[in-house]
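Colleague: With the input below, show me the fold.
(chains A, B, C and D)
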Amino acid sequence: MEFATYKNDVWGREVIRGVSWDLLWLVVVAAFIAIALHAIYAATQKRAAKPSSEGARVTRHDTIDRLFHWVMAASVFALLITGVLPIVGIEFAWLELHWIAGIALTVIVLFHIVRAVFVQDASEMVITGSDLKEPFDDAKKPGKYSAAQKGMHAAVTILTLLVIASGIVMFAMIDTPWWERTNSLSESTLGLVFFVHGISTLALIGLICLHIYFALRPEKLFYTRSMIKGWISRDELDANHDPQRWSPDESS
Amino acid sequence: MNPQLSRRRFIKAVIASSVAAASNSGFHSALAQDRSRGAVERLISINVNGQTRRVDVAPQETLAHTLRYKLSLTGTKIGCNRGECGACTVLIDGITNYSCSTLTHSVRTRAVKTVEGLQASDGTLHPVQQAFIDELSPQCGFCTPGQVMSAVALLSENPTPTREEARQAMSGNLCRCGAYDHYLNGVMRASGQNS
Amino acid sequence: MASFDVMPDVQLYQPVELDDALRLAEQYGDGGWVLGGGQDTYGWLKDRAKNPQAMIDLTGVEGLRGIRETEDGIEIGATTTLREIIRNERINSDYSLLAQAAGRVASPQIRNVGTLGGNLSQDARCWYYRRGLACYRAGGNLCYADGPEAMNREHAVLGASRCVAVSPSDTATAMVALEATMIVASTTGQRSVAAEDFFAGPDTHITQMTTLEPGEILTAVRIPSKWAGKRFYFEKVADRDVWDFALVSIAVAMSMDGDSIAESRFVCGGVACKPHRLRNVESAVRGKSLSDENADAVAPLASAGTKPLNYNHFKLPLMENLVRRAMRG
Amino acid sequence: MSDYKLVGKDFTPPDVIGKVTGKAKYAEDFRVDGMVFARMYTSPMAHGRVTNIDTSAAEAMEGVIGILTADDVPAVDAPNAAILTNSPAYIGDPILAVAALDEKTAEDALAAIKVEIEPLPFVTDPLDSLIAGGPNAREEGNIYARSREGSGFKTIKWTKEQIDEFRAGTEPTGEFVNEWSYGDLDKGFADAKVIIEENFVTTGYAHMSMEPRTAMAYWQNGTCYVHVSAQSHTFWMPGLARLLGIETKDLVMISENTGGGFGSKIGAYPIAALPGYFSKKIGRPVQLRVTREQEYYMGSARVGFQGWLRIGFRADGKATAADLFIVEDIGSNATGGDASSAGGAISMVYDPDAMRFRGVPVLTNTTPRGAQRGPGQNQMAAVMGPIMDKAAKALELDPVNVRKINAANNDTTVNADQHGVTSAYLEEALTKGAEMFNWTERRQQPKRNGSKVRGLGIGQGYHSAGATGFDGLIRITPDGKLHIHTGIGNLGTYSYASTSRAAAEVLKCDWENCEIHNGNSEKHLPWNSYQAGSVTTFTHTRTNYVAAMDALRKMKAIAAETMGGEPDDYDIDGQRVFRTDNAAQGMSYGAIAARAIQLGGEYSGETYPDDINEITQRSVQGLAGSGLVGVAKDNLPQEGTIPGLACAFVEIELDLETGKYDILDYVGIAECGTVLFPAGLAQQMKGGAVWGMGMAALERHVYDPSNGLPANIGYHQCGIPSYLDVPSVTRTDAVGIADPQNPFGARGIGEPAMGCSVAALTSAISDALDGHIFGRTPVSPDMIVNHVSGRDQSFLPLQTNNF
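Modeller: Numbers count the residues shown, from 1 in each chain, chains lettered A, B, ... in the order given. The predicted model follows:
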């Protein structure tokens, strides 16, 4: 299977056209296999006692961050729906919706970067040496974010930035209310941009599948709740986090 | 992103990528069972200028190709091979066709007439041919066989056309020499309406 | 680049039953090429710019041919030739708009074999695309015809989305004006679709001109009696009066109430990727009579919303002028 | 002079029958045993350098016989076109060829060949190359100037300001390479009452002959047999032999019929030699069928002009001075100077008191250019049509009269050296045309009818129409037949036949008793001129005349020797030689021929004049002993330019709303001396009219400047006029005054027939639009619609090769 598709440029030279969308199938299947394997694995493990969600609560996500997350999710889904459905043959006028959602995503991501760097404690998300030991040492508990969460965040960050960067280049290649398209890139460069956009999209699809899966897993559901309501219980905190590394205030 | 894949196409791509590509040869090997659904055989008979000719014809072959390369009827010219000039015009069941844009397999049950089939058995020229000589219609002559065939088709349907009707009927035949006026004179003469 | 010229290897099927044709179309899907008169086929194949595995020749399917009366108008089989349409009495008396449009297609020889279905579903004539370049329409990732220096005199002034090719079909405009219905068959059954929805723009179908899916076959076109015998106007402006495609064309159907227009359909060809209805003109002329004054009054509406490219802004006054001519007494 | 039996009478040229029956054979219709089919791979890039060719996959294919690359053929110096090249300079430049058992296999093989090309800068509009910093079409430079002093590359750049000023319509101040002038230009303009200054574009366009330039070749015992689409015949042979690297004695060239040329097949073109090299390499006959698209690429094209003209007229309409500057688009190669010829045409047709021509030929990465029907003269005619009307309007004179007062006549002097003409009667042509056209009455009719407006136009065309110094060769056989051997190509003008009748006329032979030998160099053909440039009629009535006079002299000498007396005692008629004083005493032509064989020597071609061309010499050697041979070089006196002239009157009805126009009436008048073959002349005048209509309205090169791609590569896009784009009836006539320097008074007409048409149309379009001058060909409907609706045109002033 090819990762990329190729075409002839205006002078008949072979250049990259973009990602091979056959990979979409592979990604979807791979994600589901991974999920299935994990689910089977998890089912065979002795289930630890589920910490109570009652009692004292601590704030995990501020309202603004939760809002950010869901707006981002909405824009990502809008982008995936408008970008991928036409590829699998569900035809509709997708292009305008796609770039509008793309602008939304770009703006919200910029906001998040600014907030993460200047307002929040960005180090919470930095992957450290101890994070790497964490999965192999039951005694080790994470700070605010687990190694898996940090890894997911890092991957999503890189892919999203790639998809945004390539998307902005592609945006210049279409007519919009603000400018006429430029056709300024060489065809091979343009093909590379399409490839980056496509391959990051595919990787994101896979990661999002996993993300949703983990978000819905019973033992992780409290994180999802926290992304909706903002809090986790003290019990949940104690069971999953190292208070040395993360000690949030109690909330009301 | 390229919506080059429709639903069916996508599903097909899935099958192709997960199993093995259904290659061209795969389709060909399935031909026998396709015959009943209209797959064509190579050795066919076609009726050209009143004679039935047995000829080996590839499925995709054009009539112009068969006439010129297989039956040595080189009076039919290939000027563009794209249906944009008319030099290859022949009659199929009396109607003008661009033979460069006609599949030979589609004329199996029909009568093809080329410029070589117009003369009477005693060698007498068709009235259109004679009129084209009398009016000095051709210049370089490369488009002439096509012009002759268009004129023959017109007159068999409308023996006394007006000059404007003739102009319309002949309009699918280019002449780079620009001999249109003389061709029309020829058509009018052949119809007995001397120009 | 080889400048190919002869037909490459491709299988040919000549089914006599529609069901067989549909099964073949289904079986080959994207690799199948449904063939009418073939006048928009062989060039693609000879150029090796399109490489189907099999041609499915519909002209042997008896049921797809001919012009029939229906309860509400007429039905024209998809493989009915343009020649048959031009010469048909019923069409000439009641739907002369279609006869006129068909009469302006290409050249006599092409009309002799070219089918209605083929003419309606023919591919775009953008010269970049026809060269076999891998543009958006050919599944690529850019449009060559809309660069800063691109030569795009014949391209779209409306409805472009990445691709700027136009609908080249002369009969398509007439069919939209006549509110025809397309009958589309596949192995899973039959659907009917309004002519207006049959044609597809690049915003939804960038690699296709119609909403036909692989495996589907256009079997017939039904024209309702609604517009039978009404007032029509057709004009096609092209460089040459043979072969050439419309720079701009117009097909108009008007039902008159006395001197004034009760209802109308104004459809332009050659300006967008599908036949373009001038809805604002249609509503502006309602209740108006045919006159020079009214013609001048509504003509400017014709070019509303247009967005010309480097070399095609002449299409704006041309559209207006054609509306003007249709509206004259 | 009207007592000619053949000259001026219609006849049926022998090749017409084959054309209407399909038996006429063109190069592509020949098949020989073992013949294989070749196809070419042409450059996809406008300018580049081939770095690698991988043919391994193609060579492994069943049915593939061989591959020919640039390494297998001689290299040529840029910018001349090579048979095959590794340095393509336009899209479509041939790089390699494949031969296979059938065409499909050859194309399958092409699809499997990988050619890597390193791109180089390219340019499609001369002004884009001329501007400072602009790309050069060739690595050696952007100018290729040919002159008697020497030819070579140069690089010339103008400043942006100079380009802008040129576009704005003022006199170009940039560097140029060609110049000539006569008279006092300043005085001329000082004498002028009206001075008109215009810039203009005439876009180049493809010849697009109906027959693509197919060639087939094979070798037998060291002789190369070449079947080829050629518009000349023996004139071709030295060039073709040179291309093949052989001598003309080792070449047999067969060109029985040729499907049009229009200047694109005058001399041997490189691709004609490809099958010869290929056949030698693989040891089999090779046919190369050129596709329509390839015919566009290498089938030659008209040179484009971007120019500026200032011309002054006295109050009575006489042209006093003309100042002409032309930037020539010479494509990727270089051709003879269309631009200088355009200047020459002004000096002939309008004969100003003083004139200056300046020009700069710029290379572009567009298709190679060559002569096309009236090269230079007809572009100029198109430009001058509306300018003469503008002058007439400004001077308040009738447009016919302005043309008449300047019309070429017997006193006209032409070109820089201001030499004379053999004869010229353009005023008579204008008078005749105006009468036939009812010019005066038509001028009175109302112009406007609804959205339609009528326009009247007048055009004039010119081309020099004759050459000298070629050979004539005829033969009378013992069966009494007159055999006329002609090495003129058979292009469809029938001049190979009509000029042959000159020999029959001299020898008073019945035409039924004559046989023409042509089309195959094995048929012993004499050295003849090119079948182009309107030259054949003048040139070969002369060669056939001198050959016939040679035969006549010999017949009389044989009669005297056989029957006594002096040669001068004998005369001819009824295909007999007889004593003037006793007609009963004589010999038939057959008997004379038999006697010539007995006598040998010069009578039967055992000896021949030593001033005839070696090709003629070999032909005489081949015929020696088979009859009475008449052979001679045309050494008849000749002085001055031999003008072919024509004028046309046209009425159009232009629709202001669609930009389309109908040609309601067309009258073309030829001024070509005595009419040799009336039906043939009508053909030329009408065919030329159609060409003019195509140039005026439809035909042009279009190139995308960002990637060099040509848009108009097929018949559909090229817009060759069809039946419905030209009038159903065109009317023609001729002045018919004999030229003193031709034994029959005849001159040629092929190119002026077109020039007068394109000029009449540009004039009529301008007239319909109240004198608006587009200064451009073609004028397409979009331009008219834009003009009428008050919109700007889509293109830059002076932009070319665009829509």
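Colleague: ok, is stretch D:45-62 in contact with chain B or not?
Modeller: No. Applying Cβ under 8 Å from any Cβ of the partner chain, one finds stretch D:45-62 separated from chain B by no less than 14.9 Å. Backbone N, C-alpha and C define where each C-beta goes, glycine included.
Colleague: How about stretch D:645-654?
Modeller: No. Remark: stretch D:645-654 sits outside contact range of chain B, by Cβ under 8 Å from any Cβ, the gap being at least 13.4 Å.
Colleague: Please determine whether that stretch lies in contact with chain C.
Modeller: No. Using Cβ under 8 Å from any Cβ, stretch D:645-654 stays clear of chain C, with a minimum separation of 13.0 Å.
Colleague: I'd like to know how far the closest residue to residue C:81 other than its chain neighbours sits from chain A.
Modeller: Counting by Cβ to Cβ, 6 or more residues apart in numbering or on different chains, residue C:81 lies nearest to residue C:115, which is 5.7 Å off, once chain neighbours are set aside. Counting by Cβ to the nearest Cβ, to the nearest Å, the gap from residue C:115 to chain A is 26 Å.
Colleague: For burial, what's the neighbour tally of whichever residue of the stretch 201-329 of chain C sits closest to chain A?
Modeller: Proximity of the stretch 201-329 of chain C to chain A (Cβ to the nearest Cβ) peaks at residue C:203, 4.0 Å away. Per other Cβ atoms under 10 Å in any protein chain shown, the neighbour tally for residue C:203 reads 18.
Colleague: Could I get the phi/psi values of it?
Modeller: phi -60, psi -30 (degrees, to the nearest 10).
Colleague: In contact with it, which residues?
Modeller: Residue C:203 sits next to A:93, A:94, A:95, C:159, C:161 when contact means Cβ atoms under 8 Å, 6 or more residues apart in numbering or on different chains.
Colleague: Greatest separation within the residues you listed: which pair is it?
Modeller: Put simply, by Cβ to Cβ the two of the contacts of residue C:203 set farthest apart are A:94 and C:159, 15.3 Å from each other.
Colleague: the more surrounded of the two?
Modeller: Applying other Cβ under 10 Å to residue A:94 and residue C:159 shows that residue A:94 carries more neighbours, namely 22 against 19.
Colleague: The nearest residue to the more buried one once chain neighbours are set aside and chain D, how far apart?
Modeller: With Cβ to Cβ, 6+ apart as the criterion, residue A:94 has its nearest non-adjacent residue at 4.2 Å, and that residue is residue A:82. Look at residue A:82 and chain D: by Cβ to the nearest Cβ, they are 30 Å apart.
Colleague: From chain C, how far off is residue A:82?
Modeller: With Cβ to the nearest Cβ as the criterion, residue A:82 and chain C are 12 Å apart.
Colleague: How about residue D:528?
Modeller: Residue D:528 is 34 Å from chain C, by Cβ to the nearest Cβ.
Colleague: what does the model give the closest residue to that residue other than its chain neighbours for pLDDT?
Modeller: In this structure, residue D:528 finds its nearest non-sequential neighbour in residue D:487, 3.6 Å apart by Cβ to Cβ, 6+ apart. With respect to pLDDT, residue D:487 scores 97.
Colleague: any chance you could map the strands in chain B?
Modeller: B:43-48, B:51-56, B:89-92, B:95-98, B:111-113 (DSSP state E).
Colleague: out of those, which comes closest to chain C?
Modeller: Proximity to chain C, assessed across the strands of chain B by Cβ to the nearest Cβ, is greatest for strand B:95-98 (4.9 Å).
Colleague: what comes into contact with that closest one?
Modeller: B:63-64, B:83, B:86, B:88-91, B:149-150, B:153, B:172, C:83, C:108-110, C:112-113.
Colleague: which stretch of helix or strand covers residue C:192?
Modeller: If you go by DSSP states H and E, residue C:192 is part of strand C:189-194.
Colleague: and that strand, which residues are buried?
Modeller: For strand C:189-194, the neighbour count (16 or more other Cβ atoms under 10 Å in any protein chain shown) marks residue C:193 as buried.
Colleague: Which elements pack onto it?
Modeller: Strand C:189-194 is packed against strand C:181-186, with contacts defined by 3 or more Cβ pairs under 8 Å, 6 or more residues apart in numbering or on different chains; DSSP states H and E.
Colleague: orientation of the strand it packs on relative to strand C:189-194 in degrees?
Modeller: Strand C:181-186 and strand C:189-194 are oriented at 150 degrees to each other (axes from the mean of the first three to the mean of the last three Cα atoms, to 10 degrees).
Colleague: okay, now the residue of chain D found nearest chain B: neighbour count?
Modeller: Ranked by Cβ to the nearest Cβ, the top residue of chain D for proximity to chain B is residue D:22, at 2.0 Å. Applying other Cβ under 10 Å, we find 26 residues neighbouring residue D:22.
Colleague: residues from the stretch 151-300 of chain C in reach of chain B?
Modeller: C:206, C:207, C:213, C:214, C:215, C:241, C:242, C:243.
Colleague: List buried residues within those.
Modeller: Buried members of those, counted by 16+ other Cβ under 10 Å: C:206, C:207, C:213, C:214, C:215, C:241, C:242, C:243.
Colleague: Quick check: the farthest pair among those residues?
Modeller: Maximum pairwise distance in those, criterion Cβ to Cβ, is 38.0 Å, between C:215 and C:241.
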